[in-house]
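K.L.:
Okay, predicted coordinates and the sequence, questions at the end:
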Amino acid sequence: MKLQNSSIFQNKYFFWGSIGIILILVCKIGSMFFASKPIPKIYTVPLAEVAHVIKKTVPYEITAPGTFMTMQQISIYNRVDGEILTMPFKEGDIVKEGDILYTLNVADQEAKLAQVQGSLEKDMALLEDAKKEYDRNAKLFKQGFVSASQLDLLKSNRDSLEASIKTDQGNIDYMKIQIGYATIRSPITGRIGFTKVNIGTLVKASSTAPITTIMKLDPMDFIFSLSEKYLDFLNKTPLDKFKIALTDENYVEKTAIGKLIALDNSISTATGSLQVKARFDNKNFEFWPGQYLNIKIVLEEKKDALIVPARAVQSGPKGPYVFVCKEEDQTFSMRDVKVGITAETWALVETGLKEGDLVLVSGQNAFKNGTKAAKLEKQDTNLLIEAKDKK
């Protein structure tokens, strides 16, 4: 009997001990389970600058580098032998069409001119006598006092003198032309270059080297290259209808009036680009041949485009993204976007956003999915995209 009670007593303690061990294990496992999934922590920033996604008509612009070239370059040659007497210009001056550039000493040509003029006067006097002699003998021939052979001789002498007078006149005209070459004038308005001669230099008409050059500077042609991918835009719109502007190396616009005037006749197989020519007014001679600038061309206007400030768009491993604000609780989430045209201060978003969305425009490094802002500071998107970055 005592043995039976002892067995029951031992079984009872075994049972409750097992229950205790099971409870301890359950508590241990439960604590480990809940400890592996802590309650997410919400990160909060004191201030977030945001701006709305807006719809706006924006220009599709491209920029390309290029150089100016003169429309016309004239090489100046002397066409008569002589010594340089005057040179009334300074190298690099702007000269106008018709301005005197050089005068030459052509005293020998002037002496020859006087000689042929004297010969002309002599031949004219002889011709006058020959005409009178022929007229007298023609009357005598009718009366039978002069033979036909004598009259023919007088006629031949008269005609010969008339031919000599024409020759004399031709020589006079030629010498006047030669003397005219002694004054060398500018054929165009432009900038004169360095001169190869000086006062006192003896120049020869047979020389093949120019004595100076003149470049026309107004208007000026601007040559640049565009990728062949823009050819459709250039083909569907008349060239003179494109809006263009010149910018310097800092992309500051120049106050120049110009238009596209021509496309080259082939695309480079090496670069896949096409040369394009624009023409700009240059009345103040601001631009120089060989000067390097950038040209900005508006290919088309994008209407009702979704626009965000350029600094709202960030680059990530998967591509561009923005932080979008949920205005009800002022929390932010990352959203992938597809960006189209970009400019200095704005970006066109093709997918991922809609008009009215609120996007973060600064301090993105302090944000991640779920970040909350204690305060929102809303910026005017139009003011942000119209502001020019100061460089």
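P.N.:
Cool, got the structure.
K.L.:
gap between residue 378 and residue 150?
P.N.:
As for residue 378, its distance to residue 150 is 121 Å (criterion: CB to CB, to the nearest Å). The way it works is simple: take the backbone N, C-alpha and C, and place the C-beta from them, glycine included.
K.L.:
Tell me where the longest strand sits in the protein.
P.N.:
Using DSSP state E, we find that the single longest strand of the chain is strand 292-309.
K.L.:
Is the nearest residue to residue 364 once chain neighbours are set aside bridged to anything, and to what?
P.N.:
Nearest non-adjacent residue to residue 364, counting by CB to CB, 6 or more residues apart in numbering: residue 314, 5.3 Å away. Note on residue 314: beta-bridge partners by DSSP bridges are residue 321.
K.L.:
who touches residue 314 in this structure?
P.N.:
Taking CB atoms under 8 Å, 6 or more residues apart in numbering, we find residue 314 in contact with 320, 321, 322, 323, 364.
K.L.:
Could you name the helices and strands sitting against the host helix or strand of residue 59?
P.N.:
Take DSSP states H and E as the rule and residue 59 turns out to sit in strand 54-69. Judged by 3 or more CB pairs under 8 Å, 6 or more residues apart in numbering; DSSP states H and E, the packing partners of strand 54-69 are strand 220-227, strand 292-309, strand 338-342, helix 381-386.
K.L.:
residues of the helix or strand that it is followed by that come out buried?
P.N.:
Reading on from strand 54-69 to the C-terminus, the next helix or strand found by DSSP H and E is strand 73-76. Buried residues in strand 73-76, counted by 16 or more other CB atoms under 10 Å: 74, 76.
K.L.:
Check stretch 145-154 too.
P.N.:
For stretch 145-154, by 16+ other CB under 10 Å, it's 146, 151, 154.
K.L.:
that's a strand at residue 98, yeah?
P.N.:
No. With DSSP: H, G, I helix; E, B strand; the rest coil as the criterion, residue 98 is assigned coil and is not in a strand.
K.L.:
excluding its backbone neighbours, what's nearest it?
P.N.:
residue 185 (5.5 Å).
K.L.:
Next up, the contacts around that neighbour.
P.N.:
Going by CB under 8 Å, 6+ apart, residue 185 touches 98, 99, 100, 101.
K.L.:
which of these has the most neighbours?
P.N.:
Counting neighbours by other CB atoms under 10 Å, the top entry in these is residue 101, with 21 neighbours.
K.L.:
In contact with that one, which residues?
P.N.:
Applying CB under 8 Å, 6+ apart as the definition, the contact partners of residue 101 turn out to be 76, 87, 88, 89, 95, 184, 185, 186, 192, 212.
K.L.:
Correct me if wrong: the fourth one contacts residue 99.
P.N.:
Yes. In this structure, residue 89 is within contact of residue 99 by CB atoms under 8 Å, at 7.3 Å.
K.L.:
are any of the contacts of residue 101 buried, and which?
P.N.:
76, 87, 89, 95, 184, 186, 192, 212.
K.L.:
all helices for the stretch 151-300 of the chain, in order.
P.N.:
Under the criterion DSSP state H, counting those that start in this stretch, the stretch 151-300 of the chain contains helices at 231-236.
K.L.:
Closest to the centroid, which residue in the chain?
P.N.:
Among the residues of the chain, the one closest to the centroid is residue 295, at 3.8 Å (CA atoms, centre = their mean).
K.L.:
what lines up beside the longest strand of the chain in the sheet?
P.N.:
As assigned by DSSP bridges, strand 292-309 forms pairs with strand 54-69 (antiparallel), strand 243-247 (antiparallel), strand 346-351 (antiparallel).
K.L.:
Minimum distance to residue 172: which of the ones you listed has it?
P.N.:
Closest to residue 172 of these, according to CB to CB: strand 54-69, at 44.1 Å.
K.L.:
coming back round to it: nearest to residue 328, of the strands paired with strand 292-309?
P.N.:
The closest of these to residue 328 is strand 54-69. By CB to CB, the value is 21.0 Å.
K.L.:
buried stuff in the closest one?
P.N.:
Buried residues in strand 54-69 (16+ other CB under 10 Å): 54, 56, 58, 60, 61, 66, 68.
K.L.:
Stretch 172-190 now?
P.N.:
Quick answer for stretch 172-190 (16+ other CB under 10 Å): 172, 175, 178, 179, 181, 182, 184, 186, 188, 190.
K.L.:
end-to-end on that stretch?
P.N.:
For stretch 172-190, the first-to-last residue distance is 34 Å (CA to CA, to the nearest Å).
K.L.:
How far away from the center of its chain is that stretch?
P.N.:
Put simply, stretch 172-190 sits 38 Å off its chain's centre (CA atoms, centre = their mean, to the nearest Å).
K.L.:
Next one: the closest residue to residue 213 other than its chain neighbours, what pLDDT does it get?
P.N.:
The shortest distance from residue 213 to any non-neighbouring residue, by CB to CB, 6+ apart, is to residue 193 (4.6 Å). Here the pLDDT value assigned to residue 193 is 94.
K.L.:
what are the phi and psi values for residue 193?
P.N.:
Dihedral pair for residue 193: phi -90, psi -160, per degrees, to the nearest 10.
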